[in-house]
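K.L.:
Any chance you can model this:
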Amino acid sequence: MTPETTKHLETVEGIMGKAKAILARHSYPDDLRGVIVMGTLTQIIEHHEAMLLSIRNDKIGSAFALVRSIVEGVYRGLWVNFCATEAQLQVFERDDRLPLNMVEMAQAIDAKYQAQGFFENLRARSWAAMCSYAHTGMLQLGRRFTGAVAKPAYTEEEITQATTTATTCTLLLIGKFLAVQNYVADCKEAEALIGTYGPAAKRNPQPSA
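P.N.:
From the prediction side, this is the model:
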């Protein structure tokens, strides 16, 4: 792994540490909506940590399989956080099933958060690929070989893209959860972290301390 990729992994790990510290500043209501979102967040953060651990231990296929769970969890969390009715939450608690598919959920999130199609666009561009990695589809299988040899061949660009997507989505849910809890300054602080790594950081370099 190149020094640049190693630095990127260290950066996103540090970013998530900062985000967890922001979340830990407050206690949150134990109503059904808040409990579901917070539980979703803790699971997503654990998946993010497991993804980085897997990459560092050269288990990149397993890391890529986690990206779908992270992104899907973020969509579910965003929908519960601000879109779902109380009746829908009660049905979810009782039946362990959401009443929307991913397309419908993305559209509802875009409308409620006034996201101008961001979440539907992300789903349309990347959901099939994430499913292929999660379900051992052709994208995953195609990277299990180097030439004719059964040796994984994931690129460092792909590693950067996957970890950037997972980190950005997680931060978006953290920020929107904080906003609904009326912690506006903390929401802005969490969302500002998105510009400090990956392509966004290259477009907008941070000033030296």
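K.L.:
least trustworthy helix or strand in this structure by mean pLDDT?
P.N.:
Within the chain, no helix or strand scores below helix 198-203, which has a mean of 77 by mean pLDDT, DSSP states H and E.
K.L.:
That helix - contacts with which helices or strands?
P.N.:
With contacts defined as 3 or more CB pairs under 8 Å, 6 or more residues apart in numbering; DSSP states H and E, the packing partners of helix 198-203 are helix 156-180. Any C-beta I mention is one placed from the backbone N, CA and C, and that applies to glycine too.
K.L.:
for the helix it packs on, which positions count as buried?
P.N.:
By neighbour count with 16 or more other CB atoms under 10 Å, helix 156-180 contains the buried residues 159-179.
K.L.:
and it, what other elements does it pack with?
P.N.:
Counting by 3+ CB pairs under 8 Å, 6+ apart, helix 156-180 packs on helix 3-23, helix 32-56, helix 60-82, helix 184-192, helix 198-203.
K.L.:
now do 6 Å
P.N.:
helix 3-23, helix 32-56, helix 60-82, helix 184-192 (3 or more CB pairs under 6 Å, 6 or more residues apart in numbering; DSSP states H and E).
K.L.:
List the contacts of it.
P.N.:
2, 5, 8, 12, 19, 37, 44, 48, 64, 67, 70-71, 74, 77-78, 81-82, 186-187, 190-191, 193-194, 198 (CB atoms under 6 Å, 6 or more residues apart in numbering).
K.L.:
hey, which of the helices and strands packed on helix 156-180 is tucked in deepest?
P.N.:
helix 60-82 (a mean of 22; mean count of other CB atoms under 10 Å).
K.L.:
now that one against helix 156-180, angle please.
P.N.:
Angle, helix 60-82 to helix 156-180, by axes from the mean of the first three to the mean of the last three CA atoms, to 10 degrees: 20 degrees.
K.L.:
Quick one: distance of helix 60-82 to the chain centre.
P.N.:
Between the centre of helix 60-82 and the centre of its chain there are 5 Å (CA atoms, centre = their mean, to the nearest Å).
K.L.:
ok, now which ones touch His26?
P.N.:
Here His26 is in contact with no residue (CB under 6 Å, 6+ apart).
K.L.:
Now do the buried residues in the least confident helix or strand of the chain.
P.N.:
Buried-residue list, helix 198-203, by 16+ other CB under 10 Å: Gly198.
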